[in-house]
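In: my questions concern the predicted model and sequence given below.
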Amino acid sequence: MNEFHNLTRPPGALPEGNGNLPLGNTTRLIGGSYIGMIVVATSLNAIPVCLTAIGATFGLSKTQLGLVAAAMFVGRVPAILCAGPLADRFGLKPLLLIGAVGVIVGLVLMGLAPTYFLLLGACLIAGAFSGPFDVLLDPLVCALRPARKASALNFLHAFYPVGAVGAVAVTTAILGGIGTWRVVFPLMTLPAVAYLLCVASCEFPQIQRQAGRTAAVELLSNPLLIVIVLMMIIAACTELGPAQWLPAYMEQVFQWPRSASASILLAFNVLMAAGRFGVSGLARHLKPMLLLLVAATLCIICLLVGALAASGWTAAAALALLGATVACMWPSTVAYAAERFPAGGATMFSVLVTAGNIGGIVGPATIGALGDYVGLRWGMGTVACLPLVAALLFLWRLRADRPGPATSGT
């Protein structure tokens with residue numbers, strides 16, 4: 001509650017033009033941002049629980065199922081790339097409201113899709129329109145909470161696993177009751193409806209236009225940003241690859257029933273939420289690269305245990321715990337970039353989140369492809385190579401960074 005109060009308090013350090021928003025307006029924007037993160041979560045996390053049911057409906061291979069999981073991210077990438085520059089030009093509000101309407105349409109079409117290829121098309125639509133939420137909520141919260149970006153972003157991103165828990169629980173209940181996945185996706189539109197009701201009448205802060213704002217081409221040529229982009233890809237693969245496959249992994253490798261398998265994804269997201277809420281406090285006291293180095297090391301351990309364990313319970317415990325260990329990697333990497341490139345604008349956030357969504361494509365698809373050829377254990381274990389690379393990058397930046405503000409992006 002203290003974090004919510006701090007986030008909604010009229011902050012004196014806001015950029016010029018953003019400090020005069022009424023308190024009630026700011027409170028609704030912050031609350032709406034949390035709902036917006038739940039919109040992203042519910043649109044993505046019903047799919048893993050439904051994968052085997054969708055496969056049975058259309059007679060799909062593991063590779064085809066991996067493409068269902070990846071299709072949402074394929075739609076998101078071009079939308080995210082466009083959302084940042086468009087928000088710099090037209091503001092945050094129109095893009096976020098259009099995104100909410102598009103998510104509603106896409107999810108309804110997913111439930112109605114009569115063929116596999118139309119399902120993929122509907123996934124692309126839902127993914128594309130959820131993209132603005134993924135990229136624009138970060139600069140919105142940074143604008144409203146500029147003094148503690150890492151804390152605020154970890155707190156914001158904690159609502160992603162909160163939404164995922166709700167999505168997994170509702171989906172599991174529907175599949176165990178009604179028994180059809182087609183009802184699931186239309187129900188997942190409710191958070192998007194709530195978002196529209198919450199913020200449609202709000203005044204949004206303007207993204208400050210500065211003559212010195214770093215251009216997209218200049219950003220992409222900066223060696224540090226290139227490294228941070230790689231960090232984002234790795235963070236997303238480490239989080240979203242295992243998460244998208246977790247229920248199917250437990251079903252097919254350990255022959256667990258569907259409800260029990262889904263409960264491990266539920267535990268993964270509960271622990272991720274706890275991790276992000278916890279890190280929102282720790283981030284004020286620890287160097288971000290030290291936090292990320294510890295997280296990456298623990299991710300390696302969890303993934304290797306999950307892939308090599310002979311016992312289903314051991315694998316389930318390790319992969320559920322992965323939710324806590326990977327929790328800080330995405331938001332803390334974004335916050336690190338925001339601190340190093342304070343003039344990057346929404347365009348920079350679009351570059352970072354695009355990188356994360358590329359990881360969201362590569363992770364599930366790679367696990368699925370390896371599952372077809374050498375088995376899902378190999379697919380899950382291979383992901384452990386990624387946080388190993390990340391740990392080396394985090395260690396390098398930990399040694400390279402010096403105390404004090406760094407605004408040059410070097």
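Out: That came through fine.
In: tally of neighbours for residue 202?
Out: 17 (other Cβ atoms under 10 Å). Any C-beta I mention is one placed from the backbone N, CA and C, and that applies to glycine too.
In: could you pick out the longest helix of this protein?
Out: helix 23-58 (DSSP state H).
In: mean confidence for it?
Out: What helix 23-58 shows for mean pLDDT is 88.
In: chain center to it: distance?
Out: Taking the mean of its C-alpha atoms, helix 23-58 sits 10 Å from the chain's own mean (Cα atoms, centre = their mean, to the nearest Å).
In: same check, this time on stretch 326-343
Out: Distance, stretch centre to chain centre, for stretch 326-343: 13 Å (Cα atoms, centre = their mean).
In: can you give me the buried ones in that stretch?
Out: 326-342 (16 or more other Cβ atoms under 10 Å).
In: quick one: the helix or strand following the longest helix of the chain to helix 23-58, angle?
Out: Downstream of helix 23-58, the next assigned helix or strand under DSSP states H and E is helix 62-90. If you take axes from the mean of the first three to the mean of the last three Cα atoms, to 10 degrees, helix 62-90 sits at 160 degrees to helix 23-58.
In: show me what the helix or strand that helix 62-90 is followed by is packed up against.
Out: Using DSSP H and E, the helix or strand that follows helix 62-90 towards the C-terminus is helix 92-112. When contacts are defined as 3 or more Cβ pairs under 8 Å, 6 or more residues apart in numbering; DSSP states H and E, helix 92-112 packs onto helix 23-58, helix 62-90, helix 116-144, helix 184-187, helix 190-199.
In: quick check: next helix or strand after the third one?
Out: Read it as helix 116-144. Using DSSP H and E, the first helix or strand after helix 116-144 is helix 149-157.
In: list the contacts of that next one.
Out: 3, 7, 33-34, 37, 137-138, 141-142, 144-145, 276-277, 279-281, 283-284, 288, 327-328, 330-332, 334-336, 338-339 (Cβ atoms under 8 Å, 6 or more residues apart in numbering).
In: may I have that helix as PDB, with CA atoms only?
Out: The C-alpha trace of helix 149-157 is given here as PDB (Å, rounded to 0.1, in the frame of the first residue of the first chain):
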ATOM      1  CA  LYS A 149      12.300   4.000 -11.800                       C
ATOM      2  CA  ALA A 150      13.600   0.500 -10.800                       C
ATOM      3  CA  SER A 151      11.300   0.300  -7.800                       C
ATOM      4  CA  ALA A 152       8.300   1.600  -9.700                       C
ATOM      5  CA  LEU A 153       8.800  -0.600 -12.800                       C
ATOM      6  CA  ASN A 154       9.300  -3.800 -10.700                       C
ATOM      7  CA  PHE A 155       6.100  -2.900  -8.800                       C
ATOM      8  CA  LEU A 156       4.200  -2.300 -12.100                       C
ATOM      9  CA  HIS A 157       5.500  -5.500 -13.600                       C
END
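In: low pLDDT regions in the stretch 101-250 of the chain?
Out: Flagging of the stretch 101-250 of the chain using pLDDT under 70 yields the residue ranges 207-216.
In: switch the cut-off to 80
Out: Along the stretch 101-250 of the chain, the model assigns pLDDT under 80 to residues 145-150, 179, 206-221.
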